[in-house]
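Trainee: what follows is a predicted structure for the sequence shown.
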Number of protein chains: 2
Amino acid sequence: MATLLKGKEVVEALNEKMIEDVTALKAKGVTPTLAILRVGERADDISYEKGAIKRCELVGVEARVFALPADVSEEDFFAKLQELNEDITIHGILMFRPLPKHINEEKARKLLSPSKDIDGCTDISLAGVFTGNNEGFAPCTAEAAVEILKYYNIPLSGKKITVIGRSLVIGRPVAMMLMHENATVTICHTRTVDVPAEAKDADILVVASGQMESVGAEYLRPGQVVIDVGIGWNDKKGKLCGDVKFDEAEPIVDAITPVPGGVGGVTTSILVKHVVEAAKKL
Amino acid sequence: MATLLKGKEVVEALNEKMIEDVTALKAKGVTPTLAILRVGERADDISYEKGAIKRCELVGVEARVFALPADVSEEDFFAKLQELNEDITIHGILMFRPLPKHINEEKARKLLSPSKDIDGCTDISLAGVFTGNNEGFAPCTAEAAVEILKYYNIPLSGKKITVIGRSLVIGRPVAMMLMHENATVTICHTRTVDVPAEAKDADILVVASGQMESVGAEYLRPGQVVIDVGIGWNDKKGKLCGDVKFDEAEPIVDAITPVPGGVGGVTTSILVKHVVEAAKKL
């Protein structure tokens, strides 16, 4: 029986700290405020938005939604983004991506103010993750994975960690952040020849392949800690599943994050934490 | 007997292409120009400077040295850097580092114009290496290591590569650049528990530990390709040596860069190539 690395406990610890910080900020007349910039009505975005608003309310952070129609002109979109950049009552901007194809996402990424980039997509934030100088904010999912490992006191220094996936929102940043914690990190991806061997070789496995239930027993061995970053609806099973075959993994490994109830909720907390940090930096 | 991956051939191929590019630029009235910004008279800097000037001359790039006294005030240093940023006849700036302690290096890094940052130290350049969007310029030594592998047609996609060292000038950027070439990369460093095992496991080994002759037979196996990024004067042997024990490695591995005559010379060529590219971008 593996230890379940539940997100709930991590979230509670984060909330407690945030409530303290928000109280101190409000005493100074500052209400940490998140702007959510959404184009269209994509179900994934709205679901994440709901969770973020709820989490904000819980700790006293204000959330304002700026929802633009799916066919908003590029000009109007950039005008709104610029307005949010300049609005001193807003401390963090969550810009849902991907943007519709008629809006230049690279241009949007460059326009977003790095000081309000609470989901780590600007060059300054990414350079901060790469250099480890902690400028800007890391992508929330990557930081959530690291936060869970730290909360449960899982040693990282000198440990072998295999990351499956090399996206800019999770694989690459989490690899760098774990390397800054002195782990020896290997990054696997679709062109890696023998992913199961690389996975089995690791003390800690971070799975962000984006392939539902793709990691089974052949990737695992006793003693390992598994962080499952994936989440998606499994039609066959009629439930949410991660990138790991939980039923195969759980009897083998030492510890594993459940899906749901693992990384996802912590990601939202990290987002809100970044808003509070952005407000504190002012 | 290992194949020697000599830098000379790579340099010649790079020079040939650069001469073409410079000729085309000069026909348009543009002389690609490198500014070398040096504080004090450190022997390493002056030696690198001499090599860079010679390489510039060879391909028709102009090199101008701006040497400031070791006790230059921070204000005067930043004024000079700003002047070079704004000078439209200058396309690339090589700012020798480390800067003296009384000059804020982080501030200098932020001031340097990313479009002239031909040795990849600004956030834009580092974010470009991390994202793989090729904005800015990669650190020259990291690009030199990749260039050698490509010149000698060493397959990278799907190959296991171990990088020893995680500095921002070589270890980290070369790891990212090789990952963008679809290699499966592991980054080792001083806190890695079993570096020899990680090294032996790799198809390609990039050694940038900064520890002279630290990598011997126990790190190596037949079939490997070794890129030795180190270079330093070995007092005992009375000659330049790399981070690899060449005499031990050469009989074991398939291919290896010599020191001197390997990565070093290619690094200077990449520097000059970046100046030409910066001039072409205008």
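Mentor: Yep, it's here. Numbers count the residues shown, from 1 in each chain, chains lettered A, B, ... in the order given.
Trainee: what mean pLDDT would you report for stretch A:14-26?
Mentor: If you average the pLDDT over stretch A:14-26, you get 98.
Trainee: count of neighbours near residue A:9?
Mentor: Per other Cβ atoms under 10 Å in any protein chain shown, the neighbour tally for residue A:9 reads 13. In short, each C-beta sits where N, CA and C put it, glycine included.
Trainee: I'd say it and residue A:151 touch.
Mentor: Yes - if you go by Cβ atoms under 8 Å, residue A:9 and residue A:151 touch, sitting 7.0 Å apart.
Trainee: the closest residue to residue A:52 other than its chain neighbours: neighbour count?
Mentor: Using Cβ to Cβ, 6 or more residues apart in numbering or on different chains and skipping the chain neighbours, the partner closest in space to residue A:52 is residue A:268 (5.5 Å). For residue A:268, the tally of surrounding residues (other Cβ under 10 Å) stands at 22.
Trainee: other SSEs contacting the longest helix along chain A?
Mentor: Ranked by residue count under DSSP state H, the longest helix found in chain A is helix A:7-27. Under the contact criterion of 3 or more Cβ pairs under 8 Å, 6 or more residues apart in numbering or on different chains; DSSP states H and E, helix A:7-27 touches helix A:43-59, helix A:140-151, helix A:263-281.
Trainee: next, the contact list for residue A:228, please.
Mentor: A:207, A:215, A:242-244, A:246, A:256-259, A:262-263 (Cβ atoms under 8 Å, 6 or more residues apart in numbering or on different chains).
Trainee: let's see which of the residues you listed end up in helices.
Mentor: A:246, A:263.
Trainee: off-centre distance for the longest helix of chain A?
Mentor: 18 Å (Cα atoms, centre = their mean, to the nearest Å).
Trainee: buried set for the next helix or strand after that helix?
Mentor: Per DSSP states H and E, the first helix or strand lying C-terminal to helix A:7-27 is strand A:33-39. Judged by neighbour count (16 or more other Cβ atoms under 10 Å in any protein chain shown), strand A:33-39 contains these buried residues: A:33-39.
Trainee: could you do stretch A:183-197 as well?
Mentor: The neighbour-count check on stretch A:183-197 (16+ other Cβ under 10 Å) flags A:183-189, A:192, A:195 as buried.
Trainee: check stretch A:128-142 too.
Mentor: A:128-131, A:135-142.
Trainee: same list, those, but only the ones touching chain B.
Mentor: A:128-131, A:135 (Cβ under 8 Å from any Cβ of the partner chain).
Trainee: need the max-distance pair from those.
Mentor: Using Cβ to Cβ, these span at most 10.5 Å, a distance reached by A:130 and A:135.
Trainee: ranges for the strands of the stretch 151-282 of chain A?
Mentor: Taking DSSP state E, counting those that start in this stretch, the strands of the stretch 151-282 of chain A run over residues A:160-164, A:184-188, A:204-207, A:225-228, A:232-234, A:239-241, A:255-256.
Trainee: just the residues contacting the first one, thanks.
Mentor: Strand A:160-164 has contacts (Cβ under 8 Å, 6+ apart) with A:171, A:174-175, A:178, A:183-189, A:195, A:198-199, A:201-209, A:215, A:243, B:193.
Trainee: try 7 Å this time
Mentor: By Cβ atoms under 7 Å, 6 or more residues apart in numbering or on different chains, the surrounding residues in contact with strand A:160-164 are A:171, A:174-175, A:178, A:183-188, A:195, A:198-199, A:201-209, A:215.
Trainee: ok, the residue nearest to residue A:52 to residue A:251 distance?
Mentor: Separation of residue A:268 from residue A:251 (Cβ to Cβ, to the nearest Å) stands at 30 Å.
Trainee: same check, this time on residue A:104
Mentor: 48 Å.
Trainee: surely residue A:5 touches residue A:148?
Mentor: Yes - with contact defined as Cβ atoms under 7 Å, residue A:5 reaches residue A:148; the gap is 5.6 Å.
Trainee: any common contacting residues for the two?
Mentor: With Cβ under 7 Å, 6+ apart, residue A:5 and residue A:148 have common neighbours residue A:257.
Trainee: which bits of the stretch 151-282 of chain A sit near chain B?
Mentor: A:157-158, A:166, A:168, A:172, A:179, A:182, A:184-188, A:191-193, A:198 (Cβ under 7 Å from any Cβ of the partner chain).
Trainee: ok, now with 10 Å
Mentor: Contacts of the stretch 151-282 of chain A with chain B, taken as Cβ under 10 Å from any Cβ of the partner chain, map to A:156-162, A:166, A:168, A:171-173, A:175-176, A:179-195, A:197-198, A:201, A:203.
Trainee: and chain A, split by domain according to the record?
Mentor: Domain assignment for chain A, taken from automatic domain parsing, gives A:28-118, A:140-264.
Trainee: export these as CSV, with columns for distance to residue B:81.
Mentor: Below are those laid out as CSV (distance: least, Cβ to Cβ, whole Å):
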stretch, distance to residue B:81
domain A:28-118, 22
domain A:140-264, 28
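Trainee: just say which of those is most tucked in.
Mentor: Here the criterion is mean neighbour count by mean count of other Cβ atoms under 10 Å in any protein chain shown, and of these the winner is domain A:140-264, at a mean of 21.
Trainee: starting at the chain centroid, how far to that domain?
Mentor: 13 Å.
Trainee: between the two ends of it, how far is it?
Mentor: With Cα to Cα, to the nearest Å as the measure, domain A:140-264 spans 10 Å from end to end.
Trainee: what average pLDDT does that domain get?
Mentor: 97.
Trainee: ok, and the closest non-adjacent residue to residue A:76?
Mentor: residue A:68 (7.1 Å).
Trainee: what's the answer for residue A:257, then?
Mentor: Going by Cβ to Cβ, 6+ apart, residue A:257 has residue A:5 as its nearest residue, at 4.6 Å.
Trainee: so the one you found makes contact with residue A:265?
Mentor: No - counting by Cβ atoms under 10 Å, residue A:265 is not a contact partner of residue A:5; they are 11.9 Å apart.
Trainee: which of these two has more neighbours?
Mentor: residue A:5 (24 against 19).
Trainee: I figured residue A:23 hits residue A:60, correct?
Mentor: Yes - counting by Cβ under 10 Å, residue A:23 touches residue A:60, with 7.3 Å between them.
Trainee: hang on, the earlier thing: now the buried residues of stretch A:183-197 in a markdown table, with distance to residue A:108?
Mentor: Shown next, in a markdown table, are the buried residues of stretch A:183-197 (distance: Cβ to Cβ, whole Å):
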| residue | distance to residue A:108 |
| --- | --- |
| A:183 | 33 |
| A:184 | 36 |
| A:185 | 30 |
| A:186 | 33 |
| A:187 | 27 |
| A:188 | 30 |
| A:189 | 26 |
| A:192 | 32 |
| A:195 | 33 |
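Trainee: nearest to residue B:27, of those?
Mentor: Taking the buried residues of stretch A:183-197 together and measuring to residue B:27 by Cβ to Cβ, the closest member is residue A:189, at 43.3 Å.
Trainee: ok, that closest one to residue B:177 distance?
Mentor: Taking Cβ to Cβ, one finds residue A:189 at 14 Å from residue B:177.
Trainee: repeat that for residue A:192.
Mentor: From residue A:192 to residue B:177 the distance is 17 Å (Cβ to Cβ).
Trainee: and residue A:117, by the same measure?
Mentor: In terms of Cβ to Cβ, residue A:117 sits 25 Å off from residue B:177.
Trainee: same thing with residue A:276?
Mentor: Taking Cβ to Cβ, one finds residue A:276 at 36 Å from residue B:177.
Trainee: who touches the residue nearest the centre of chain A in this structure?
Mentor: The centre of chain A sits closest to residue A:141, judged by Cα atoms, centre = their mean, with a distance of 1.4 Å. Going by Cβ atoms under 10 Å, 6 or more residues apart in numbering or on different chains, residue A:141 touches A:119-120, A:167, A:169-171, A:173-174, A:208, A:229, A:263-264, A:266-267, A:270-271.
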